[in-house]
Structures are given as structure tokens and as C-alpha cells.
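K.L.:
next input, structure requested:
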Amino acid sequence: MSCDKDAETRHTLDCFRDRLKRLIQVEPLLDLLHFLEPDRKDRIKAKFREEGNISAATLLIDEIIHSKNCEQGWSRELVTALETVGCKHAAKYVLNSPPEPTEEAENDSCVRLIDLLQLTLVNMKTADVCAHCRVMGLLTQEDQENILKLIENQGNIGGARLLLKRLVKNEAGWFSKFLQALEDTEHHELVRELRGEPCNEDGEAHKSSPVTDKEFHQAATALCEHSIEELEWCGLLVDYCDVFISCLDSHSDGTHSLQKEHKRDIVLRDYQMEVARPALEEKNIIICLPTGSGKTRVAVYITKEHLEKRTQMGQPGKVVVLVNKVPLVEQHYKAEFGRFLKHQYSVERVSGASQLKISFPQIIEQNDIIICTAQILENSLAKAKNGDEDGIKLSQFTLMVIDECHHTKKGGVYNHIMIRYLKQKHQNQLLKKQDKSPVPLPQILGLTASPGVGGAMSQQRAEEHILQICANLDAFTIKTKTFEEEEAKTPFKRIARAEERKEDPFGDVIKKIMDEIHEHADLKPLCEPGIQNYEQWVVQKEQNAAKEENQKVRVCAEHLRQYNEALHQSNTIRMSDAFRFLDKYHNEELKTKSIADEEGTVTITDTERFLFTLFKDNKAKLQELMGKPQYENNSLAQLKTNILKEFSTRERARGIIFTRTRLSAIALCQWIQENPKFDEVGVSASYLIGGGDQSVVKPMTAAEQKDVLNKFRDGQINLLIATTVAEEGLDIAECNFVIRYCLVTNEIAMIQARGRGRAEDSSYTLVAEAGSGVAERESVNEYREKMMSKAIAKVCKMNRADYEKKIREFQMQAIMEEKVKIKKKQQKGMMKEPPSKISLSCRQCSVFVCSGEDIEKIENMHHVNVTTQFSKLITVRENASLQERLLDYETNGVIACKNCGQQWGSMMLYKSIECPCLHIKNFVVTYGSKKKTFSKWSELPIKFPAFDYTQHADLLVEDSGEEEDMETD
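P.N.:
Residues are numbered from 1 along each chain as shown. Next up, the predicted model:
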């Protein structure tokens, strides 16, 4: 009898599969289906993560229908499970007791109405409505917990969406109860909206008796003049909505206007629509448009069209927007994607600065559009590759937008993601040949203002670079636009050359000090101090001296680096800024040498004493010279002239000055703020620097950057002094002048910086000292820009077959290079030596630190030494700039060598255990008979063991127990 019942249930499932796949809640149901084998459940769960509930429910039904190993009585278990998780409506279909056709049609009408008015309904007080629906039996306890959790993590709207999704899976009669729940929670406007009641002249709805499900169905059918029974469920909603909106408008005199207010139209200009067209045809493309011409707006439009098209086809759609800087995540959400699409789709942003309390895969699953930093996506893709449940796959997305896509090149995180894409694309071609289903891949949309030429010296190389970028992004084409009609808006460009310094006594004193150091350490530089080549030479000397344990040369080389930086500063900013930099460095070094502990003071070597005395002896002379303005560099005077001119000749001046270093950005800002001449013409300045950690200058936090940009946008600040962080991507208000101060990099940076001057009658000025080579390098960049434009035009006109052949060649080359790289990495991993093969010594004083056997790894990332012997070698001091909160650990301070004061790393508090964390760059590694220096632990072919938390925690407990016993005695 049971076998007959099971066979009948299989037939019923097959008959009602289209209805059931929309009524079954797969995730909670699977836990209660014990008749399904674990591997079948895993397949269904994977489908749920990748394609959503409906696809997973379809697979579940197929698995049950075609399974031959189910235990007898499984059908009863299925029905009980459906009822337990709140899918009673689905349970009735499984029992072959569907509602009457008229009742079913009434329920369908209610479901469609909820979907139609969702943009209005998501603004309800979700927690209150959820509680009432739970009391009325419309939600299970698990439903309520999930909704409240979503409210906590994603806000009210996210919770409301889940509540509505869950409500419509109830059996017929739920609509009236839902209306009652809204009434009880004082959502009177929403109730009137759902009932379709017209408003009187005072804006109040006419009093009427509650509308039942049946009455609503009759009204909807009469208005729309459609027979619901004739329409197929899967293609019903979109067509019905258009008709129903018009009917509601004519019937209720515009009661649906609230929803219309939420919608924001995206109107593209002709050139924007032209570049978007291939993407709207589902082709992978790169859009190359100048800064300020609306690339991101085009991407928003393509995203909207993409999701709408997939909805119409009854297919799930999911979009990921990738950026390469944390501030861009919030910017794209607020200014573009969230602004235009959040009322229609669920949009979420994720970055390292996010405070979301749920995992990245859950965010992917629960949202339509996800904006995130590329590294977060790459980390999750890597986890999936390693079999981690917390990973995700590219197949979960249907569109991938890559901002600033010119960074998709070797070694970049964008390229790592796209290599995964290309490998799967190649694999799909093999699957098709085997008549197997290919793995779905997302459509690719790349955005850039300038792909550059990659250092090409010829037109042919420039074209190859553009083709390489197209291949990396699997682009069908690259779309651009020549703005002939808008040439007048291109900033007026000029080069302001400053005369070379005739006298530089301040620099001469610094060079004299450097010569004395050269003589003391017997060093013979290959070039003049003050330039980049000297910097490279002295860095190499320091590394070699550290390996040779030549502390005299090593410490001299370190001081020479600081003097070389001071020379550069005196050539670009004030002499007083250069002096303060040197004075601060020497004071901090002296401080590390003067920290007393229970065993005495840190040792100062004869060389260090010589260096400190040398600076002290010349300090007064430097202070005297820095107070004489006639010796300041002429570049600063030229910059002053240009700033005053811009603010004196423009009605409302707003500009950006780009400079090379963070130090110079801060110093230039101080110079402007302290000079009354700038105040007289209305200059209000602030600096904008990057957020990455540096030892010399404290970085700006994302909040500080945002605050400065908001003030600049509002007009409280009208002059930004910025490093290259402001050149690319960040949404900075229109400027009418841009100055690059003694700074030239490549053609991409030049185009990005110039693009900041978007206002009418804007100017772009390069301030450079005559003979410095800066102006000449700018001319090279201009030539490369022309090469780039010609290369893009040539690529766009290529024969389709030739283009595709080139793209395939580049892609196969990239795949092969990746395979070789992985093989080498695997071989390197197999060749990894035991930790006993190495030992560490202090980079400064060469004192023995520890054996590799004493080092353990936390979270496969942080290298720590928690031995008692090591704790005797270090001193711990505070470092405010390193205070940061992470997941399970905190960085509390700096650990340094007790012998010489050299910084060794940081002190971490990991799950209540203090763990000294070592930075490999601060040590010399003895590897066999050789001594080497490394900048990253990953460069060291040693396999360190994972940190044994339990063992160390037990030891701490034992130690504390012994101390307590001693106190008792």
C-alpha cells in the first residue's frame, strides 16, 4: 500500500512541479528529509547557493521523482516536513488536494498584487508586521528568526523582502490575514493601497468594508479583462503588471503614484547609448570614455536592462560590480547603483571596511546587485576552488562590471579573477565537444577612461597592448567616442617652468653631511644625491650590508636614505618641511635608543653616535638657512603664482593640485594655510591622501577622505592637495583648474588627472623646474595618448576573424602561463623545507633572534613567536597608528629589539593570548650557509606549522594556577 502511495506522490509531484517549485522552501526543508542521501542534498544545496530557491526546488523535485532508493513511506515524511517548515500550501498539492480552480486563481491574483506593490510594501515596519504574521500562523518561528536576523544585518527593506517572499507561499486565505496584520500595525495607507481604495479630496480613503481575496480577484479580473486560467504562471507576472498598473491608475485616480515616486529614470545621451548597445545584446565589451562622461551611469543602465530581461525570460539574474579601491564601493552605491536601482532591486556593498555580520556567500545569495572590492571576490573564489563551503563561484553571477578595467593585467587582482573566467571558458568549449552542459559564465562589462599603451614605443606595440586588455576581459569589442563637438571643454593646457636654483646653501649643507657619511662608511655613490637613482643605490647597499652583518654600512645607508628624501623635499616644498622631516626622524631614532628597562638601556653603537652627533652639529646651520626665503626653490614660487592667478581671475575657483608623496601633500597644504596671500583671494585648502599604512605618514581613514570630499563638493574647501589617490575613480566635484606639481608618471595618470578639470573654461597646468626632465616626460605621455587613441581606432576596425584570432592567441597564452605558474608554485610547495633550516637575526645589530622552529602561523598569515626565550629579547612600546580592530585579534603595539631598538613587528592579542608577530623585512634570514633578506614571508620556501591555540592556552592556565598557589602559600 505504501509503495502505491509513493508512486502516486511521484506522479503528483510531476503534475504540479511548476506550482510546487514556487511554493517549496528548500533550505529548511532539506534538514527534515532523511530519505534523501547526503550527496543528493549537497547537490541541491549547491544549486540553491548558485541559482536560488526556484532552481533548487526544481532539482529537489527531479531527485525525488527519479530516485529509486527512497525508503518506503517517504511521501508521508515529505508532507510532514512541508507542513513543519510552513509550506502547507505545497503540502496540499503533494497530497493531490489542490484548491478549487477559482480559489487557486484568487490566490494567484493576491500573489501578483504583492509582487506588483513590493516597492511600496518594503517600507513597512517589518519587525512589527512580522510579529503579527507569526501570531496569525502566516510565519513559522524559523521564518521570524530569519527575518529579524536579516533586518539586523541588512536593514528593514531586506527583512521586508524576505517576509513578502515567505507570505505568498502560504495556502489560500493568507491575503486577508496579511491585511489585518497591516491594519493592526497602523499601516493604513498600505492597506488602502492593497485594496485599491480611492482617496477623497482630503486625501483620506473612502470607508469600505474589508476586501476579501475573492472580491479582489473579481475586481482584478474585471479590470484587466484577462482570464487567469488561460495564462501560464511562469510568464504571467510582467505582462500582467503592465495591464494592471494602467487599470489601477484609471480606477483609483492615481493611488499608485507612491510607487512611481520611487522610480528614477535613467536617460542616456546618444553617445552613451551607442557605446552601450553591444552590452545590451549580451556581448562582453570594454567602454572607454573620458572621466566625467558618464561611464558608470551607462553601467547602471546596462545592469537594469540585464536584470529586467532575465526577469522577463523567467531566469535568475545577479550582478557583481568590482572596484579596486575601498572608497569606490560606497561611492558607486550612493551615487549610482543604489540611487537608481535600490527601489527595484536589492543592492548591497561589501569591502574590508564593511560592518556586515553575515558571510559574503549569504550576501551574494540574498541580493541582486553586489558592489565589492575585487580582492573580496577573489578570496571567495579561491575558497570555492579549495572546497571551502564559504566560497562562491563565477557561475553564480550573470553580469560582472569591472571598474577601472585597465588594471586587468599580470599580477593584478582583476586579472586573477579573469584568468578563472578564461580557464572555465576554455573548459566549456571542451564540454560542448563532449555534448556536456557548459558551466554558465557572467557577461563582462569593463569600464575605463584610458587603457594606456603599456609603455609601448611603437604603434604596433600600442595596438598589441589594447588587444591584450581586450583578451584579458574577453571583450567582443572596445567601444569609445571621440568628442569632436566638445573639444572646447578639454582643459586648456600649459607648462609653467620654474628657473633652476642659482643658490642652494640648505641643500649644500645636507650634501656635505652625506659626504661625511660616505667617507665614514667608505661608500662611493655612483650618482649625485637627491635623485631616484641615488635612492635605488643606497637601498641596495643597506640590503647587502644587512646580509653581511656590516652594521656600520647598514645604519649609514639608512640615514643616507632620509637625507636623500630631505633633499627631494627641499627641491619641491619648503626647506623648513625638509628640516622638520630630518629632525623628527632623528628624535624618533634617539627615542628608540633611550628606552630603559629593568636590565638597563639600549646599546648605541659608535656609528650611531657619530650619525646623531653629525646631525646635531649641523642642526643650527640648517635652521638658520631655512628661515631665508631667498633660498627657497623656484618651483614653489611658480606654484604660488599659478594658484593666485586662478583664484584672482575666476569668479568661483575650484581646483586640485597633484603631488608625488603624502609628505609633500600635507606640507603644501600647511604652506597654503599659513600664507595670508592665499587667504586674501579666498583659498580654503585641505589635503587628500591614501588609506594604506605607511610608517612615515599616518594614512587617512575612509571616513576622513569622505569628509574632505564632501566639504570640497559643498564648497567649504575649494582647493585639494592630493596624491595620486584622487586621480582615478573617486567622485570629485567639477574643477576648473588642475595642477600637477613636479609630478609626471604615465599617460593613464595624465589623462585621469586632466579629466578632473571638467568645468567650462578649465585649465591643466604642469609646474616643473627647468632641466628636471618633468616637462619632457609629459611630452612623451602626450605622444603615447595619441598612440593609444590610434590603437583603439585600429582595433575597432579590425576584421572580425583577425580580431578573434588575436584574442584567442592572447587568451591561450594567459592560460598556459597560469598553468606554468601553478605548477611552479606546487613544485615550490613540495620543495618547502622544514623550519629548522633557518634562523633569524636582527637586521640592525645582528643579534640572534630565534630558530625557524620557534615560529608558528595564525590564520595562515601571521607569523608569531610565543616562546619564553623570545619574550626576553623584546621590548614592547605603544604605536597609535597601528591600533586597528580585526576579527579575532587586535594589534596593540610595536615589538622591538631590546639590544638596539630595531622594530621587529607588532604585538597581537589573539583570542586573549599575547602573540609577538614578526615582520620578515626587519630580520636577516640565515638559510643554510647563506644570509638573505626578504620583504614578504611568502618569498621564504619554508613550511611553518599552524599556531596551536589549545596548547598555548593550557600552558597559560597552568602558569596562572601556579602563581595563585604561590600567593596562597
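K.L.:
use CA for all of it now, contacts and neighbours both
P.N.:
Noted.
K.L.:
okay, now the unreliable bits of the stretch 651-800 of the chain?
P.N.:
691-697, 725-734, 743-761, 770-783 (pLDDT under 70).
K.L.:
which parts of it are strands?
P.N.:
Counting by DSSP state E, counting those that start in this stretch, the stretch 651-800 of the chain has these strands, from start to end: 655-658, 685-688, 719-722, 737-741, 763-769.
K.L.:
could you dump the ones you listed to a markdown table with mean neighbour count and distance to Ile942?
P.N.:
Shown next, in a markdown table, are the strands of the stretch 651-800 of the chain (neighbours: other C-alpha atoms under 10 Å; distance: least, C-alpha to C-alpha, whole Å):
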| stretch | mean neighbour count | distance to Ile942 |
| --- | --- | --- |
| strand 655-658 | 26 | 43 |
| strand 685-688 | 24 | 40 |
| strand 719-722 | 25 | 41 |
| strand 737-741 | 26 | 45 |
| strand 763-769 | 23 | 48 |
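K.L.:
looking at those strands, which is closest to Pro834?
P.N.:
strand 685-688 (45.9 Å; C-alpha to C-alpha).
K.L.:
the residue nearest the centre of the chain pairs with what?
P.N.:
Closest to where the C-alpha atoms of the chain average out (C-alpha atoms, centre = their mean) is Thr373, at 1.5 Å. Assessed by DSSP bridges, Thr373 has beta-bridge partners Val323.
K.L.:
hang on, it packs against Glu330?
P.N.:
No: contact criterion C-alpha atoms under 8 Å: Thr373 and Glu330 do not qualify, at 10.4 Å.
K.L.:
rewinding a little: wait, which of the strands of the stretch 651-800 of the chain is closest to Lys911?
P.N.:
strand 685-688 (35.8 Å).
K.L.:
sheet partners, orientation included, of that closest one?
P.N.:
Applying DSSP bridges, one finds strand 685-688 paired with strand 719-722 (parallel).
K.L.:
hang on, the earlier thing: can you redo the strands of the stretch 651-800 of the chain as a markdown table with distance to Thr303?
P.N.:
Shown next, in a markdown table, are those (distance: least, C-alpha to C-alpha, whole Å):
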| stretch | distance to Thr303 |
| --- | --- |
| strand 655-658 | 32 |
| strand 685-688 | 32 |
| strand 719-722 | 32 |
| strand 737-741 | 33 |
| strand 763-769 | 34 |
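K.L.:
so which of those comes closest to Glu71?
P.N.:
Closest approach to Glu71 among the strands of the stretch 651-800 of the chain is made by strand 685-688 (67.5 Å; C-alpha to C-alpha).
K.L.:
dump the residue contacts of the residue nearest to Tyr687 when sequence neighbours are not counted.
P.N.:
With C-alpha to C-alpha, 6 or more residues apart in numbering as the criterion, Tyr687 has its nearest non-adjacent residue at 4.6 Å, and that residue is Ile721. Residues near Ile721 by C-alpha atoms under 8 Å, 6 or more residues apart in numbering: 656-659, 665-666, 668-669, 685-688.
K.L.:
centre of the chain to the helix or strand encompassing Phe581, how far?
P.N.:
If you go by DSSP states H and E, Phe581 is part of helix 575-592. Here the centre of helix 575-592 is set off from its chain's centre by 36 Å, with C-alpha atoms, centre = their mean, to the nearest Å.
K.L.:
can you give me the helices in the stretch 401-550 of the chain?
P.N.:
In the stretch 401-550 of the chain, the segments counted as helices under DSSP state H, counting those that start in this stretch are 413-433, 459-472, 505-521, 532-547.
K.L.:
hey, which of the ones you listed is tucked in deepest?
P.N.:
Each of the helices of the stretch 401-550 of the chain was scored by mean neighbour count; the highest is helix 459-472, a mean of 21, by mean count of other C-alpha atoms under 10 Å.
K.L.:
export that one as CSV, just CAs?
P.N.:
This file holds the C-alpha atoms of helix 459-472, laid out as CSV (Å, rounded to 0.1, in the frame of the first residue of the first chain):
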residue,chain,number,x,y,z
GLN,A,459,52.2,52.0,-32.8
GLN,A,460,52.2,48.2,-33.3
ARG,A,461,53.1,47.6,-29.7
ALA,A,462,50.3,50.0,-28.6
GLU,A,463,47.8,48.0,-30.7
GLU,A,464,49.0,44.8,-29.1
HIS,A,465,48.5,46.3,-25.6
ILE,A,466,44.9,47.2,-26.4
LEU,A,467,44.3,43.7,-27.8
GLN,A,468,45.8,42.2,-24.7
ILE,A,469,43.4,44.2,-22.4
CYS,A,470,40.5,43.1,-24.7
ALA,A,471,41.7,39.5,-24.4
ASN,A,472,42.1,39.7,-20.6
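K.L.:
quick one: average confidence on it?
P.N.:
Average pLDDT, helix 459-472: 91.
K.L.:
packing partners for it?
P.N.:
Judged by 3 or more C-alpha pairs under 8 Å, 6 or more residues apart in numbering; DSSP states H and E, helix 459-472 is in contact with helix 413-433, helix 774-796, helix 800-830.
K.L.:
would you list the ones you listed in a markdown table and tack on distance to Glu680?
P.N.:
A markdown table is the format used below for those (distance: least, C-alpha to C-alpha, whole Å):
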| stretch | distance to Glu680 |
| --- | --- |
| helix 413-433 | 47 |
| helix 774-796 | 31 |
| helix 800-830 | 58 |
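K.L.:
so which of those helices gets nearest Gly507?
P.N.:
helix 774-796 (20.3 Å).
K.L.:
contacting residues around the closest residue to Glu503 other than its chain neighbours?
P.N.:
For Glu503, ignoring the flanking residues on the chain, the nearest one in space by C-alpha to C-alpha, 6+ apart is Tyr631 at 6.6 Å. With contact set as C-alpha under 8 Å, 6+ apart, Tyr631 has these partners: 503-506, 625.
K.L.:
which of these lies closest to Pro835?
P.N.:
Of the contacts of Tyr631, the one sitting nearest to Pro835 (C-alpha to C-alpha) turns out to be Phe506, at 50.3 Å.
K.L.:
check contacts around that closest one.
P.N.:
So Phe506 contacts 575, 622, 625-626, 631 (C-alpha under 8 Å, 6+ apart).
K.L.:
tell me which two of the residues you listed sit farthest apart.
P.N.:
Going by C-alpha to C-alpha, the pair spanning those furthest: Leu622 and Tyr631, at 11.9 Å.
K.L.:
how close does Lys819 get to Leu467?
P.N.:
Distance from Lys819 to Leu467, counting by C-alpha to C-alpha, to the nearest Å: 22 Å.
K.L.:
where do the strands sit along the stretch 801-950 of the chain?
P.N.:
Going by DSSP E, counting those that start in this stretch, the stretch 801-950 of the chain shows strands at 838-842, 848-851, 856-858, 862-864, 874-878, 884-885, 889-897, 903-910, 913-918, 923-927, 930-932.
K.L.:
correction: the previous question concerned the stretch 151-300 of the chain.
P.N.:
285-288.
K.L.:
flag the shaky bits of it, pLDDT-wise.
P.N.:
Residues of the stretch 151-300 of the chain that meet the cut-off, pLDDT under 70, sit at 196-264.
K.L.:
thought Met124 was touching Ala160?
P.N.:
Yes: using C-alpha under 8 Å, Met124 is in contact with Ala160, at 7.3 Å.
K.L.:
which one's more surrounded, those two?
P.N.:
Ala160 (25 against 17; other C-alpha atoms under 10 Å).
K.L.:
dump the residue contacts of the nearest residue to Lys511 once chain neighbours are set aside.
P.N.:
Excluding its sequence neighbours, the residue lying closest to Lys511 (C-alpha to C-alpha, 6+ apart) is Pro529, at 7.2 Å. Taking C-alpha under 8 Å, 6+ apart, we find Pro529 in contact with 511, 535, 564, 567.
K.L.:
hmm, try it at 10 Å
P.N.:
Neighbouring residues of Pro529 by C-alpha atoms under 10 Å, 6 or more residues apart in numbering: 507, 510-511, 514-515, 535, 538, 560-561, 563-565, 567-568.
K.L.:
got it, and His863?
P.N.:
Contacts of His863 (C-alpha under 10 Å, 6+ apart): 854-857, 905, 915-920, 937, 944-947.
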